[in-house]
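>>> Next comes the sequence, and after it the predicted model I'd like to discuss.
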Number of protein chains: 2
Amino acid sequence: MSKQQQQNPNQNQKQAPKTAISPTRDENFPEWYQQVVRSADMAENSETRGCMVIKPWGYGVWELIQRQLDVYFKDTGHKNAYFPLLIPVSYLEKEAAHVKGFATECAVVTHHRLEAEPQADGSVKMVPAGKLSEPYVIRPTSETIIGAAFARWVQSYRDLPLLINQWANVMRWEMRPRLFLRTAEFLWQEGHTAHETPEEAMTETRLMHGVYEKFLREHLAIPAIPGEKTEAERFPGALNTFTVEAMVQDRKAIQAGTSHFLGQNFSRASGIQFQTRDGKQEFGWTTSWGMSTRMIGTVIMAHADDDGLVLPPRIAPTHVVILPITPKEETRAAVLEAADKLAAELRQISYHGAAIEVEVDRRDLGGGVKNWEWIKKGVPLRVEIGPRDLESGNVAVTRRDQPVKAKEFLPSGEFVARAAELLYAIQQNLLARAQQFRDENTRVIETKEEFYDFFTPKNREKPEIHGGFALAHWNGTREVEEQIKNDLKVTIRCIPFGEGEAGTCPFTGMPSAQRVVWAKSY
Amino acid sequence: MSKQQQQNPNQNQKQAPKTAISPTRDENFPEWYQQVVRSADMAENSETRGCMVIKPWGYGVWELIQRQLDVYFKDTGHKNAYFPLLIPVSYLEKEAAHVKGFATECAVVTHHRLEAEPQADGSVKMVPAGKLSEPYVIRPTSETIIGAAFARWVQSYRDLPLLINQWANVMRWEMRPRLFLRTAEFLWQEGHTAHETPEEAMTETRLMHGVYEKFLREHLAIPAIPGEKTEAERFPGALNTFTVEAMVQDRKAIQAGTSHFLGQNFSRASGIQFQTRDGKQEFGWTTSWGMSTRMIGTVIMAHADDDGLVLPPRIAPTHVVILPITPKEETRAAVLEAADKLAAELRQISYHGAAIEVEVDRRDLGGGVKNWEWIKKGVPLRVEIGPRDLESGNVAVTRRDQPVKAKEFLPSGEFVARAAELLYAIQQNLLARAQQFRDENTRVIETKEEFYDFFTPKNREKPEIHGGFALAHWNGTREVEEQIKNDLKVTIRCIPFGEGEAGTCPFTGMPSAQRVVWAKSY
């Protein structure tokens, strides 16, 4: 709950700001984002450089993401395990591209205790002591340490496939952190698998890529574009990286999940060798794939509005908040009782196989204050119930995907009967809205001029479509990618799947196998 | 699955060892423990000093512990959140007893990147670079960093109580690690709460202590003794520490969970201050409480036998394993079909509100090999089904809490109908067995001589009761505790609750308020 509001218990709805978030998305998108996170009480910066505190509301969303993804992982035959946080530097060094990719962002553990050291001013300070003979890094990702375990576990083709997932924290030192989207420490899952053949490993890589696309669409209401990364944008050490690219409301792309075909690079580095069916020794074919708390930032940027957070119902820790309106002491008990009764009825209703989560906000605060607090938290359904409603038997229902004042008065029983349907409808609407936004801001582009124009902002006051996703041809070279990146900060987000139509690269006039997706990105 | 067994697919039941674990508990308890962990495929040591890899079977147990404890935490009003892994050293220094307690076991992060450094031999080595102005420690526990967050969140009595839990990894550098029981990195939950009054904080401390006791008893089938720690054994910085002390099969104690009343020590250190109801400023009253992957080691040491792991059904990732016996090719398909049908029927049965977890072991290995593998993994119920059973309609059921050969032949339908009941019975039996063992190895002791005798091993060949829990009086001084610890490596595990009967300290002849529990411990 927001402190500012708690300290103004007499503030009423009229005094509450018409627009909860200042600035608006159009005025200042990055600052709007920070304000949405803050006012929804999702997370905050901590004293540890680049590390966030994930507050209960934000962590509640993560728990739901975790639980739902975990079901998909288990349904596809994976088991969870846990590997050490600390990786010997020599392990990281085993795969050349890998260590190069992560060296600049590694937190390094060099000592294993603290010792009191008297200072010149007479005080005592704790300083690092017990220097390690070999330093460790805090895992930025776990291919190397998990590879070492796989090398112990795999000896024969009979031990394959090995299908493992880990839920863990990882650390990549960030110079310009941003809550959820880019933090030094973040939470994620990392799948790691080993296979007998490259075909099987590729099937796995694509399978999990498909799980991510489906999860984004059906659970987070985000229509991400699935495709393959260009060589320049691959995971360090991978032969292929598949990605799902989401568009958020400033029209930038967010890489929302990646699945890597690692070939034999990491199995060579770690010594994952097995006896084949015909008695030979071969290196295993491995994959890895991950999704992180970055997902939460993506959801916020995709769905929140100028009033605050908008949560897709599937990942909302609370589906329905009941706001009892108790202006007079004599009706207070009856209103609260009706609210509790309604809550109990709603909790009997199943939504996606579990009970609807309901909260009754009994706090002694003005109705407007409470209402705005839950708007900003993005709860899918808000229900007001007051003394007059006791007589009429109605409740006032507002969907978070509709305007703040768009109340619908429904008989209480009808609302209960329709609650799950409303949640499904909101989820569906958020997806449709995001799809429409993406379509409106995706342009097929033929010429270099049009391309440069598309990515150059025009009018800050009333922004036109000054970017988004451009579908343009590309000659397949890294030179063009670098030129565009330098000129416009635009990269190829992915080479989308499907039968690409051949054409001409607008930058070079050279032939192009298919259009690729270009965008600015987080 | 054990590799050794996979490589001997023709090994049959007769050749399988009569006793799966060598050595036995009596022969060498510490080595027996390692072998149980290894042969159940729960965990293994890693290349990172003192850190383990938790393998899928071990992690599966942890997931169940986590899920079940989490329900208790949420039912008592707590919400999960997440705080930074790295703690600035200056934070740790804020509470004097706290930093003293943890300084010798802190992993210290001093640099934030790696840099290539050419070596004399022409090779290149990655070395720490980017020295931090202030080092961080990897959290050994999070009172200080969570305290800093609480200080931001709490301003008024209206913000209290604050009831937070974190699921996380922590690190305490261990010189003599032992899988699950004592590892440098371990997984745990740490509850952290802040309250308006000392009474409320004490109520919370005791409430969570009660949750731990109940969880151990009802979920892990361990009858732990609840009580208070002596001052010498308290958490560094706490005013009181409550503990649940489990007895394992070498008669030693394991501290299985602790709940701390922190008074105002940490709120003073972190500045958790609030405006009271009468407008004054006061420091909050805080608590913390934790349980860790150590629980898994406790379960193993409490219940495993000379054949391997024995899992209480509530925390078994698989409740029933079905072993199809397929000696002849012509009956193979029919047997497998019957096994799958039985599995499908069992999965319709509810056990503690969820479906019974069933695995059909279809691998092409000898029945004896497979049977022993599942014995060693501690699966509660093993069911054999072979060609003759197809005619009779019977299945052969073995409970893991009964001898390996104690098969019961039951009509398949009757087994399905009784499966949940059998699981409840096994859970109950494990608790009863552990309770009986504890009772048999707990002695009321009156004299110093008897006490010293009790804790001195007699005969290694046929061990008598040479220890366990001693209930003896104590004069309340640290001197006696230290003397006994030096002489016998025995400590006071807890001062049990309940109306203690006064008496005389056998070591000093001084008055004693009540008997306390003495034991050797992990």
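That came through, no problem.
>>> What is the neighbour count of A:Tyr424?
14 (other C-beta atoms under 10 Å in any protein chain shown). (C-beta placed from N, C-alpha, C; glycine too.)
>>> Contact partners for it?
Contacts for A:Tyr424 (C-beta atoms under 8 Å, 6 or more residues apart in numbering or on different chains) come out as A:Pro313, A:Tyr351.
>>> A strand includes it, no?
No: counting by DSSP: H, G, I helix; E, B strand; the rest coil, A:Tyr424 is not part of a strand but helix.
>>> Against A:Arg217, how distant is it?
According to C-beta to C-beta, to the nearest Å, A:Tyr424 and A:Arg217 sit 14 Å apart.
>>> Which parts of the stretch 101-250 of chain A are strands?
A:108-118, A:124-138, A:162-171, A:185-195, A:225-228, A:240-247 (DSSP state E, counting those that start in this stretch).
>>> who touches the fifth one?
I take that to be strand A:225-228. Against strand A:225-228 from outside (C-beta under 8 Å, 6+ apart): A:209-210, A:212-213, A:240-245, A:469, A:493-497, A:516-517.
>>> Against A:Ile296, how distant is A:Val516?
On the measure of C-beta to C-beta, A:Val516 and A:Ile296 end up 28 Å apart.
>>> Between these two, point out the one with more neighbours.
Neighbour totals were compared for A:Val516 and A:Ile296, and A:Ile296 leads with 25 against 22 (other C-beta under 10 Å).
>>> which intervals of the stretch 51-200 of chain A have sub-threshold pLDDT?
For the stretch 51-200 of chain A, no stretch is flagged by pLDDT under 70.
>>> Same check on the stretch 351-500 of chain A?
For the stretch 351-500 of chain A, the ranges with pLDDT under 70 are A:459-465.
>>> Let's verify the residue in it that chain B sits nearest to: helix, strand, or coil?
Closest to chain B within the stretch 351-500 of chain A is A:Arg363: 8.8 Å, counting by C-beta to the nearest C-beta. Classification of A:Arg363 using three-state DSSP returns coil.
>>> For the nearest residue to A:Ala502 once chain neighbours are set aside, give its distance to A:Cys505.
Nearest residue to A:Ala502 in three dimensions, chain neighbours excluded: A:Ala513, at 5.8 Å (C-beta to C-beta, 6 or more residues apart in numbering or on different chains). Applying C-beta to C-beta, the value for A:Ala513 to A:Cys505 is 10 Å.
>>> And those two? Which one has more around it.
Using other C-beta under 10 Å as the criterion, A:Ala513 and A:Cys505 rank with A:Cys505 on top: 18 against 15.
>>> Next up, the contacts around the spatially closest residue to the more buried one that is not a sequence neighbour.
Spatial nearest neighbour of A:Cys505, chain neighbours left out: A:Asn475 (3.8 Å); criterion: C-beta to C-beta, 6+ apart. Residues near A:Asn475 by C-beta under 8 Å, 6+ apart: A:Cys505, A:Phe507, A:Thr508, A:Met510, A:Pro511, A:Ser512.
>>> Among the residues you listed, which are located in helices?
Assigned to helices by DSSP state H, none of those qualify.
>>> helix/strand/coil for A:Lys405?
coil.
>>> What separation is there between it and B:Thr24?
75 Å.
>>> Looking at the two, which has the bigger crowd around it?
Shown here are A:Lys405 and B:Thr24; by other C-beta under 10 Å, B:Thr24 has more neighbours (15 against 7).
>>> quick one: the more buried one and B:Trp32 touch, right?
Yes: in this structure, B:Thr24 is within contact of B:Trp32 by C-beta atoms under 8 Å, at 6.2 Å.
>>> hey, what's in contact with both of the two?
With C-beta under 8 Å, 6+ apart as the test, B:Thr24 and B:Trp32 both reach B:Asp306.
>>> so what's the nearest residue to A:Ala103 once chain neighbours are set aside up against?
Leaving out its chain neighbours, the residue that sits closest to A:Ala103 by C-beta to C-beta, 6+ apart is B:Leu114, at 4.2 Å. Shown in contact with B:Leu114 (C-beta under 8 Å, 6+ apart): A:Val89, A:Leu92, A:Val99, A:Ala103, A:Thr104, A:Cys106, A:Val108, A:Val137, B:Met126, B:Val127, B:Pro128, B:Ala129.
>>> Check those residues for burial and list the buried ones.
A:Val89, A:Leu92, A:Val99, A:Ala103, A:Cys106, A:Val108, A:Val137, B:Met126, B:Pro128, B:Ala129 (16 or more other C-beta atoms under 10 Å in any protein chain shown).
>>> distance of the third one from A:Pro88?
Right, the one you point to is A:Val99. 12 Å.
>>> Got the domain ranges for chain A?
A:38-303, A:313-438, A:442-519 (automatic domain parsing).
>>> now do the same end-to-end measure for the longest one.
Distance between the boundary residues of domain A:38-303 (C-alpha to C-alpha, to the nearest Å) amounts to 16 Å.
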